[in-house]
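K.L.:
A predicted structure for the sequence below; I have some questions about it.
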Amino acid sequence: MVYLLTMDKLYIRTIFLLWGGMILAFIMSLVLYFGGAKIFMIHLAVGFGFALIWIAWWLNDRDKLDSSKILIFILIYIGVIMAGSSYYLAFIGRNEIAESLSRAALVELVAPAVIMLLKSMVENLSKHNTWPDKPSLPKDKFPQI
């Protein structure tokens, strides 16, 4: 028990996440068997939300969590929920609704998230590269990889 208290918070959270994942997988298999696909999708959405919260904790501990990452987490979470809902609707036979919901999720949620990620990538490339109009950094100030 003393060793567990001296470990880094990230390791404790990771162990908690792994044990929680195994317990959740067992519970999800029971829910799917006894409750059906509708209840399974609800539990899956909640579990994915907890995984995103864990990633946000991890980024916050390293002071790398900003508002754009929070917005992307929200967009990804809503997109996964909508995609899961469309799969469930297709499973129960409502194919027309499932197709339009998938299209809406792709156009309205996934595309802005991808555009924001590309914008962030270009900003990071521009910040860490030497451009002709920008003076080069001294050798001791290069960012570590």
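P.N.:
Nice, thanks for sending it over.
K.L.:
quick one: low-confidence parts of this protein?
P.N.:
For the chain, the stretches with pLDDT under 70 are 1-7, 128-145.
K.L.:
apart from its chain neighbours, what residue comes closest to the residue nearest the centre of the chain?
P.N.:
What sits nearest the mean C-alpha location of the chain, by Cα atoms, centre = their mean, is Leu52, with 4.7 Å. Among residues not flanking Leu52 along the chain, Phe73 sits closest, at 5.1 Å (Cβ to Cβ, 6 or more residues apart in numbering). To be clear about C-beta, it is placed using only N, CA and C from the backbone, and glycine gets the same treatment.
K.L.:
check which helix or strand that neighbour maps to.
P.N.:
Using DSSP states H and E, Phe73 maps to helix 67-91.
K.L.:
what sits up against that helix?
P.N.:
37-38, 41, 44-45, 48-49, 52, 55-56, 59, 95, 97-99, 101-102, 104-105, 109-110, 112-113, 116-117, 120 (Cβ atoms under 8 Å, 6 or more residues apart in numbering).
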